[in-house]
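A.B. asks: quick one: sequence and predicted model below, then my questions.
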Amino acid sequence: MSSKRSSATDMTRRMVCGGIAGMIAKTATNPLDRIRMLAQTGEHGGNSPGNVLDLYRRIIKQEGVLGLWAGNGANLLRVFPSKAVVFSSNDFYKKSLRQIFNAPPDQPLSGSLSFLAGGLSGMTATAMTYPLDLARGRITG
């Protein structure tokens with residue numbers, strides 16, 4: 001019983017830490033993401049595409065500095081569960097692959113199996129959070 005509780009606590013900790021790390025990273029890069037999204041969709045209110053710096057200035061002039069973080073709330077709603085799933089499922093996949101391929105538990109997993117675990121984790125997170133990603137695109141742009 002104690003082992004199951006410890007495992008659940010560890011999984012929860014990984015999910016929370018992964019989610020928080022993802023939120024911090026996304027908030028730090030949101031201005032660049034917003035500029036990229038507006039440049040791609042053409043919804044920045046200008047007649048010509050211009051360059052990134054012109055778009056940056058236009059956002060600050062029209063919306064203020066906080067305009068660079070418009071849509072960040074939707075980003076965070078998507079990023080937290082996505083990164084939580086990646087962090088927690090990566091360990092699950094590594095453990096499962098270790099058992100399937102009879103890898104010794106006292107040695108690091110091979111690079112190819114770690115790569116496979118990471119890919120499976122990313123696919124799992126994408127599948128679980130796709131609706132949130134779709135909503136983010138509509139809100140941000």
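C.D. replies: Thanks, I have it.
A.B. asks: please name the nearest non-neighbouring residue to P105.
C.D. replies: The shortest distance from P105 to any residue other than its chain neighbours is 6.7 Å, reached at R98 (Cβ to Cβ, 6 or more residues apart in numbering). All C-beta spots, glycine's among them, are computed from the backbone N, C-alpha and C.
A.B. asks: show me what contacts the one you found?
C.D. replies: Contacts for R98 were tallied using Cβ atoms under 8 Å, 6 or more residues apart in numbering; they are 105, 109, 113.
A.B. asks: can you pick the most crowded of these?
C.D. replies: When neighbours are counted by other Cβ atoms under 10 Å, L109 leads the contacts of R98 with 19 neighbours.
A.B. asks: my read: that residue touches S96, true?
C.D. replies: No: between L109 and S96 there is no contact, the gap being 10.9 Å when judged by Cβ atoms under 8 Å.
A.B. asks: could you measure from L76 over to S112?
C.D. replies: In this structure, L76 lies at 34 Å from S112, with Cβ to Cβ, to the nearest Å as the measure.
A.B. asks: same question for M37.
C.D. replies: 35 Å.
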